[in-house]
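**Q** Predicted coordinates and the sequence they were generated for:
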Amino acid sequence: MKKAKIYIPTKTAMQSGRGKLKKWVLEFVTKDTSINPLMGWESSIDTLDEVILKFSSKEKAIEYAKANKISYTIIEPKKKEFVIKSYADNFLKN
């Protein structure tokens, strides 16, 4: 049975906004990677390693996994807590 993980990808260091982080991703989990002896690259004979599916909601990703008999794990995004402080707080000692 195929295994997959469903998650929202984190933003890269080059992104400042959170606009592209609304899509859920279904990515297959493969374990049969090996080192290519000629070039030293990591390679795999499983082509599912290259497949990444994007969905507009978590429910649609789960529905797709169930319809195609894919066992899945859901990785929930961590909630960010914003601490509102003023510029003067940088110079105050607590």
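**A** Happy to help now that I have it. Residues are numbered from 1 along each chain as shown.

**Q** going forward, measure contacts and count neighbours with C-alpha atoms only.
**A** Fine.

**Q** can you give me the strands in this structure?
**A** When secondary structure is read from DSSP state E, the chain shows strands at 3-7, 24-28, 33-35, 42-44, 52-55, 71-75.

**Q** Quick check: buried residues in the fifth one?
**A** Neighbour counts using 16 or more other C-alpha atoms under 10 Å place Lys54, Phe55 of strand 52-55 among the buried residues.

**Q** give me the low-pLDDT residue ranges for the chain?
**A** Under the criterion pLDDT under 70, the flagged ranges of the chain are 18-20, 94.

**Q** can you redo the strands of the chain as TSV with distance to Lys85?
**A** Putting the strands of the chain into TSV (distance: least, C-alpha to C-alpha, whole Å) gives the following:
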stretch	distance to Lys85
strand 3-7	31
strand 24-28	32
strand 33-35	47
strand 42-44	46
strand 52-55	36
strand 71-75	31
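
**Q** from these, which stretch is densest packed?
**A** Across those, the average number of neighbours (mean count of other C-alpha atoms under 10 Å) peaks for strand 24-28, which reaches a mean of 20.
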